[in-house]
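**Q** Using only what follows, build the 3D model:
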Amino acid sequence: MNRSSVRTFKHKVGKNQYVIIQVFQKAISSVGNGNALASNAVNVKIFKKPIGRKV
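**A** The predicted model follows:
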């Protein structure tokens, strides 16, 4: 089973606030005959929470 761990935290520099996302994962591939390609690609979506009261 492939496992990946994701760490996110916020870092503030002056007035700017940054979101830092660290992704740790490994790619495994195996095949009986021929070639195998292990991909280590990541899809990341960032959603901004609405500010204020919900009415």
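
**Q** Just checking: what are the partner strands of the helix or strand hosting residue 23?
**A** Residue 23 belongs to strand 16-25 when elements are defined using DSSP states H and E. The pairing partners recorded for strand 16-25 under DSSP bridges are strand 4-13 (antiparallel).

**Q** Just the pLDDT for residue 13.
**A** For residue 13, the pLDDT comes out at 91.

**Q** and it, how many neighbours?
**A** If you count neighbours by other Cβ atoms under 10 Å, residue 13 ends up with 7. No exception for glycine: its C-beta is placed from N, CA and C like everyone else's.

**Q** repeat for residue 20
**A** 9.

**Q** about what we covered before: how far does the strand holding residue 23 sit from its chain's centre?
**A** In terms of Cα atoms, centre = their mean, to the nearest Å, the centre of strand 16-25 is set 8 Å apart from its chain centre.

**Q** quick one: average confidence on that strand?
**A** Over the span of strand 16-25, the pLDDT mean works out to 85.

**Q** wait, isn't residue 27 in contact with residue 38?
**A** Yes - with contact taken as Cβ atoms under 8 Å, residue 27 and residue 38 are classed as touching, separated by 3.6 Å.

**Q** returning to that earlier point: need the residues that contact the strand holding residue 23.
**A** Residues external to strand 16-25 that are found in contact with it (Cβ atoms under 8 Å, 6 or more residues apart in numbering): 2-12, 40, 42, 44, 46.

**Q** Most widely separated two among these?
**A** For the contacts of strand 16-25, the farthest-apart pair by Cβ to Cβ is 2 and 12; their separation is 33.6 Å.
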